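Undergrad: pasted the sequence and its predicted model underneath.
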Amino acid sequence: MTFLISMNIRGLGAGPKFLALKHIFFSDLPKIIFIQETMHSASVTLAFFRRMFPFWHMVATDASGLSGGLAVMWDPAWINAIAFKCYAGILISASVRGQSISINMLNIYAPCRDRSPFWERLFESELLDMDSLMLAGDLNVTLNAEEVWGDGRKHDPLGDRLRKEFLHRNLVDIPQRKRMPTWDNKRMGSAFIAKRLDRFVIKSDIIEGWGLPLSFTGDDATSDHRPIFLVWKEVAPRFGYSFKFNRSHLEEQEFNDIIRKKWKEIKESDMALFSTFREKIHSLKLITKDWQIRRKHKIGQRLAVIKRLLRDALNSSSIAGMSMEKRAYIFALDKEKQKILKEEEVTWRLKSRALWLREGDRNTKYFHKVANARRNINTIWLIKDDEGDSIHSQEGISAEAVKFFQK
């Protein structure tokens, strides 16, 4: 599961920024989101993100002039938390559904100037001595020369100090799944420089209880910082949804051709008309499920390509100086992107069974919440055995249920 997304967004921005951030967060559906550099007051920040997550709990801090400003948001269906504001950022103490230990998480935005006083104050405080602690955010420091790209690559002495402090306090810097920068200066040639400034640092007792998570960096260019994702592998097996037909597939000529061909392949028999019809329906269900899986993978790849092409097209020249041909090209890409997102919305509508809402209203978040709520209600998350011990795993729950009814 994607547990946490952290991102320095460099300001809330207007409509396009809102939609870009919404796509990042909704694509991976995290349980918690950390935001750095909102560049606005706490009230403006909360109003901005409540449009995106109306049912989530959240807290924010004011920006200082034209910089700073933090926000933390969490899904109350998964997280029960209390938030505290401190000089180093926003600290939340949280219990997570399905986990026996609580966790303390600090959303941190370290200054890019006067860094040493900030870190010295943090080292002297008791924050880093807390049990089950996680630091996440923009630390504004590289831990070694391998985390710097470009001709300006050099060693950061402060990184040595942080590594020693982390080691002394049993804090583990979670390695990236693929080594890459989280920030770059958006310049070309010899002026280009990029660094890994954003990271997750976790106390070893969390790893002992939850296992070692994965960290990876997104490729979205909404800010000069890229989002970072913290993922824990699912322990319990995933149970699939029952088959539901997505009528938006009927708009695809490839799908219609496959269905028509399969229907004609099964010949009718005068002695068993009903059996033949049932066989046809069953076959169509199987090939539809197979087509949906391959289609989902294909459109996921295509959506990533469209995002990259749009980003390159918009960055190559100003809007005022664009030719009509280029504007038409961007419009066509955006239209294709919206078509893909509409298909995603229809899929979640089917899973939620909220059939009284019409497609096209962009209620994807609502549909997803209803679908997950149904699954949560219909799922047994915990059971106790004869000795009163709690069992959390799906395998253990299934075994205990079988054992009970065999008595």
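TA: On my side now, so go ahead. The shown structure was predicted, so the numbers you read here are calculated from the model rather than taken from an experiment. Numbers count the residues shown, from 1 in each chain.
Undergrad: tell me which element Met58 falls in.
TA: Assigned by DSSP states H and E, Met58 falls within strand 57-60.
Undergrad: run the chain-centre distance for the lengthiest helix in the chain.
TA: Identified as the longest helix of the chain according to DSSP state H is helix 273-316. Here the centre of helix 273-316 is set off from its chain's centre by 22 Å, with CA atoms, centre = their mean, to the nearest Å.
Undergrad: quick one: list the elements packing against it.
TA: Judged by 3 or more CB pairs under 8 Å, 6 or more residues apart in numbering; DSSP states H and E, helix 273-316 is in contact with helix 253-265, helix 324-352. In short, each C-beta sits where N, CA and C put it, glycine included.
Undergrad: buried sites along the first one?
TA: Along helix 253-265, the positions that meet the burial threshold by neighbour count (16 or more other CB atoms under 10 Å) are 255, 258-259.
Undergrad: for that helix, packing partners?
TA: helix 273-316.
Undergrad: mind checking the pLDDT average for the helix it packs on?
TA: When pLDDT is averaged along helix 273-316, the result is 74.
Undergrad: now do that helix against helix 253-265, angle only.
TA: 170 degrees (axes from the mean of the first three to the mean of the last three CA atoms, to 10 degrees).
Undergrad: can you tell me the closest non-neighbouring residue to Ala221?
TA: Arg311 (5.2 Å; CB to CB, 6 or more residues apart in numbering).
Undergrad: burial measure for the one you found, as a count.
TA: 15 (other CB atoms under 10 Å).
Undergrad: same thing with Phe123?
TA: There are 15 residues near Phe123, going by other CB under 10 Å.
Undergrad: residues contacting it?
TA: Residues in contact with Phe123 (CB atoms under 8 Å, 6 or more residues apart in numbering) are Glu165.
Undergrad: Val96 against Ile79, yeah?
TA: Yes - using CB atoms under 8 Å, Val96 is in contact with Ile79, at 6.0 Å.
Undergrad: which neighbours do these two share?
TA: What both Val96 and Ile79 touch, as defined by CB under 8 Å, 6+ apart, is the set Lys31.
Undergrad: care to break the protein down by domain?
TA: What automatic domain parsing lists as the domains of the chain is 2-231, 247-377.
Undergrad: now the strand holding Met58: average pLDDT?
TA: Mean predicted lDDT for strand 57-60 stands at 95.
Undergrad: mean confidence for the following helix or strand past it?
TA: Under the assignment DSSP H and E, the closest C-terminal helix or strand after strand 57-60 is strand 70-74. Regarding strand 70-74, the rounded mean pLDDT is 96.
Undergrad: so which other helices or strands are in contact with strand 70-74?
TA: So strand 70-74, by 3+ CB pairs under 8 Å, 6+ apart, packs with strand 32-36, helix 42-50, strand 57-60, strand 89-96, strand 103-109.
Undergrad: and the helices in the stretch 101-250 of the chain?
TA: Here the stretch 101-250 of the chain has its helices, by DSSP state H, counting those that start in this stretch, at 115-124, 157-168, 204-210.
Undergrad: next, the buried residues of the longest one.
TA: Neighbour counts over helix 157-168 (16+ other CB under 10 Å) mark 158-159, 161-162, 166 as buried.
Undergrad: what about Met52, which SS state?
TA: coil (DSSP: H, G, I helix; E, B strand; the rest coil).
Undergrad: how much space separates the residue lying closest to it once chain neighbours are set aside from Ile206?
TA: With CB to CB, 6+ apart as the criterion, Met52 has its nearest non-adjacent residue at 5.4 Å, and that residue is Lys22. Separation of Lys22 from Ile206 (CB to CB, to the nearest Å): 29 Å.
Undergrad: repeat that for Asp151.
TA: 38 Å.
Undergrad: so, low pLDDT: which residues of the stretch 1-150 of the chain?
TA: 65-66 (pLDDT under 70).
Undergrad: tabulate the helices of the stretch 101-250 of the chain (CSV), appending distance to Arg177.
TA: Shown next, in CSV, are the helices of the stretch 101-250 of the chain (distance: least, CB to CB, whole Å):
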stretch, distance to Arg177
helix 115-124, 27
helix 157-168, 20
helix 204-210, 16
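Undergrad: for Ser67, which of those is the nearest?
TA: For Ser67, the closest of the helices of the stretch 101-250 of the chain is helix 115-124, at 13.5 Å, according to CB to CB.
Undergrad: how about that closest one: buried residues?
TA: Buried residues in helix 115-124 (16+ other CB under 10 Å): 118-119, 122.
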